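**Student:** I would like to see how this sequence folds:
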Amino acid sequence: MNANSVRGALSAALACVLVGGSFTANSLLGDYPYAGGLFLRYGLAFLLLLPLVGPGATAAVRGLAARQWLLLLLLAAVGMVGFNFAVLAAERTAEPAVPGVLVGCAPIVVAVLVPALAGRRPGRAALYGALLVAVGAFTVQGWGRTDAAGLAFSVCALLGEVGFAVLAVPVLRPLGPKLLSAVVCALATVESAFLGVLVDGGAWLRMPDLTEALALGWVAAVVTVIGFVCWYAGVQRIGAERATLFSGLIPVAAAATAPLVGAGAYGTAQAVGSGLVAVGVAVGAGLLDGRRGGATAGPPDPRGAGGVRSTGEAPAAARRSVDPTGVDGP
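**Tutor:** The predicted structure follows:
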């Protein structure tokens with residue numbers, strides 16, 4: 001890998017570790033209205049991102065075409081608000097590991113979908129690596145009890161995770177990681193408010209207590225602001241297929257931090273699963289193929305899907321659940 005690819009990989013890895021290790025804060029928000037919590041999270045994140053977008057942000061936003069705005073609206077609705085709602089709905093009748101395992105399959109879907117959208121065949125290394133990452137995520141989390149509704153909502157969570165990565169590709173180049181994160185947070189804030197009023201009426205938002213306020217502040221400032229910017233910086237540098245491989249780190253980070261809050265144990269299964277995720281990432285990046293040693297050394301192909309520099313490989317995020325055995329994401 002060259003320096004650019006290494007920075008991209010580290011950015012994507014950091015984003016997924018932050019998401020996976022955020023369960024302590026999420027567990028403190030179990031009694032807070034769902035839509036109201038998302039409204040405050042994304043609204044605060046948007047305010048924190050505004051000073052970071054830099055000059056030219058207004059012109060870049062105004063220059064977006066109608067199709068790009070539609071993608072941004074879908075990204076916020078499907079990959080952020082919808083993803084969170086799907087995980088919450090799934091866990092009403094399914095154990096948290098079920099949506100966690102389904103979301104862990106996101107690298108496989110992205111490894112096939114992104115090349116298809118670009119008119120090319122999926123790379124073997126990316127596909128094999130994605131399979132190993134998915135198996136590793138399953139090994140870390142295991143499977144749980146569910147019914148048809150829980151399984152259906154878990155599939156919706158998978159689609160939301162895939163959407164968080166894929167829908168951003170065509171708008172990442174004109175906006176960049178910081179401005180893209182700010183725009184989708186603004187849109188998700190509005191969508192969360194609409195969902196809250198529609199579902200909960202006047203009870204959709206209330207003043208958080210001190211503990212809830214601190215938890216919301218952490219999730220907004222660290223998981224959303226830092227996590228989103230790092231994630232999209234990684235996608236920009238190494239492509240969606242490679243970046244999505246690192247989503248396997250979400251359950252790994254969750255399992256590693258669970259003992260810290262007394263919500264689980266890190267045993268043999270978690271260690272084996274973590275190893276499989278690591279091997280999957282290495283395979284997907286071409287690090288274990290000596291004949292392709294230069295495959296990752298060059299810069300990503302600027303003709304990748306959606307016009308974003310992509311090497312043909314790549315929450316993406318994970319889960320937004322309060323249970324450390326699941327996954328946590330955007």
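
**Student:** Confidence-wise, which helix or strand of the chain is lowest on average?
**Tutor:** helix 23-27 (a mean of 65; mean pLDDT, DSSP states H and E).

**Student:** could you measure Asn4 against Ala111, distance?
**Tutor:** As judged by C-beta to C-beta, to the nearest Å, Asn4 and Ala111 stand 21 Å apart. For glycine as for every other residue, the C-beta is placed from the backbone atoms N, C-alpha and C.

**Student:** Comparing these two, which residue is more hemmed in?
**Tutor:** Ala111 (30 against 16; other C-beta atoms under 10 Å).

**Student:** is it true that Ala240 touches Val169?
**Tutor:** Yes. Under the criterion of C-beta atoms under 8 Å, Ala240 makes contact with Val169 at 5.5 Å.

**Student:** Checking my notes, Arg120 in a helix, right?
**Tutor:** No. Secondary structure assignment (DSSP: H, G, I helix; E, B strand; the rest coil) places Arg120 in coil, not in a helix.

**Student:** hey, which helix is longest across the chain?
**Tutor:** Ranked by residue count, the top helix of the chain under DSSP state H comes out as helix 169-200.

**Student:** buried set for whichever helix or strand comes after it?
**Tutor:** Using DSSP states H and E, the helix or strand that follows helix 169-200 in sequence is helix 210-218. Across helix 210-218, burial judged by 16 or more other C-beta atoms under 10 Å covers 212, 215-218.

**Student:** In CSV, list the residues you listed along with distance to Ala165 and pLDDT.
**Tutor:** As requested, the buried residues of helix 210-218 are exported to CSV (distance: C-beta to C-beta, whole Å; pLDDT from 0 to 100):
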residue, distance to Ala165, pLDDT
Glu212, 30, 91
Ala215, 26, 88
Leu216, 25, 92
Gly217, 26, 93
Trp218, 24, 90
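
**Student:** Show me which of those is closest to Pro177.
**Tutor:** Trp218 (20.7 Å; C-beta to C-beta).

**Student:** Would you mind measuring from the closest one to Tyr34?
**Tutor:** Distance of Trp218 to Tyr34, given as C-beta to C-beta: 18 Å.

**Student:** Can you name the residues that contact Gly160?
**Tutor:** Contact analysis of Gly160 by C-beta atoms under 8 Å, 6 or more residues apart in numbering lists 78-80, 82-83, 86.

**Student:** Pick the one among the buried residues of helix 210-218 closest to Ala57.
**Tutor:** Of those, the one sitting nearest to Ala57 (C-beta to C-beta) turns out to be Gly217, at 24.1 Å.

**Student:** quick one, what contacts the closest one?
**Tutor:** By C-beta under 8 Å, 6+ apart, the neighbours of Gly217 are Leu44.
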